[in-house]
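Trainee: What follows is a protein structure lacking sequence information:
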C-alpha cells in the first residue's frame, strides 16, 4: 500500500488502455505538459485530462503548475501494489484477522 | 517463482476459542466468508464471496491437516489457476494471550501477473520493467 492513501485503487486506474499508454509516456524522467501528451492521442484534450485525473486519484500521476501550463509526471510507487499480488492477500487476511479479534472480544464480554 | 505470505496476530483469548474460530463453519463465516468447512482431512469445501467481473466469488478448498493437539490447521485454496496452501498454527504466549500464525504458500508471480484475469499480461511485463528502472 502506498503512503499517500490514494482515493482510487491502482487496479482500476490501469484497467483502461488509454491510461496505460499515458503511464508509458509519462515513464520518461521529466515533466510533460498536457498539450504534449494530447498530441500523442486521437482523443481530445478534455478526454486526456479526464484520464489524467483518474491516474492522479490513484496516486500514479503528480502534477505541477508552471506558469500557465500544468506539467505531469509519473509516480510509479502505487504500481508496486499491482505488481505484488502478495499485498492483495496480506490486505485480505489482515482485514479478516482484525474482524476475528473483534469477535473474540465480544465472546469474552458475553 | 513462488512467494509466501506470513502474518502473526496476538489475541487475548484461549487456544480453545481461537481453534473454534478457525474450525467452526458458522464462526469462520463471520470473519472470513460463508463456507461449508468441516475439520476433516480430505474434506472439500468452498468459501463463497461476492462474485464480480473477474471472479465467480468461489474459493475451492481441501482440508490437508487438522491437528487438534498441535493446533495446526491447513487447507488448499484455489481461485482459477492460483492454488495456494493456507496453514494456521496457534501458540500460547502464557500471559493470557495467544499467537495466531498464518502462512500462505504457493503464491506465484507468474499467475499473479496472469493476463487472463486482468487482461494486462503485456502491460504487467512493461510494468515490471518500469519498476526496475
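Mentor: Received it, and whenever you're ready, just let me know what you need. No experiment lies behind these values; they were computed from the predicted model shown.
Trainee: show me what contacts the residue nearest the centre of chain B?
Mentor: Nearest to the geometric centre of chain B sits residue B:86, at 4.5 Å (Cα atoms, centre = their mean). Neighbouring residues of residue B:86 by Cβ atoms under 8 Å, 6 or more residues apart in numbering or on different chains: B:74-77, B:102-104. Every C-beta, even on glycine, is put in place using the N, C-alpha and C of the backbone.
Trainee: Among these, show me the least confident.
Mentor: Ranked by pLDDT, those bottom out at residue B:104, which scores 87.
Trainee: three-state assignment of residue A:100?
Mentor: helix (DSSP: H, G, I helix; E, B strand; the rest coil).
Trainee: got the contact list for it?
Mentor: Contacts of residue A:100 by Cβ under 8 Å, 6+ apart are B:9, B:11, B:21, B:31, B:100.
Trainee: about what we covered before: pretty sure the residue nearest to the centre of chain B belongs to a strand, no?
Mentor: Yes: looking at residue B:86 with three-state DSSP, it is inside a strand.
Trainee: Which pLDDT does the model give the closest residue to residue B:34 other than its chain neighbours?
Mentor: Residue nearest to residue B:34 in three dimensions, not counting chain neighbours: residue B:48, with 4.8 Å by Cβ to Cβ, 6 or more residues apart in numbering or on different chains. What the model reports for residue B:48 is a pLDDT of 92.
Trainee: okay, now residue B:48: neighbour count?
Mentor: 15 (other Cβ atoms under 10 Å in any protein chain shown).
Trainee: Quick one: low-confidence residue ranges for chain B.
Mentor: B:1-2, B:52-55, B:108-133 (pLDDT under 70).
Trainee: ok, which stretches of it are helices?
Mentor: In chain B, helices defined by DSSP state H lie at B:15-23, B:25-31, B:109-112, B:115-118, B:121-132, listed in chain order.
Trainee: What of chain A?
Mentor: Under DSSP H, chain A gives helices at A:10-13, A:17-26, A:34-38, A:45-57, A:79-83, A:86-109.
Trainee: Let me know the average pLDDT across the shortest one.
Mentor: This predicted structure assigns helix A:10-13 an average pLDDT of 76.
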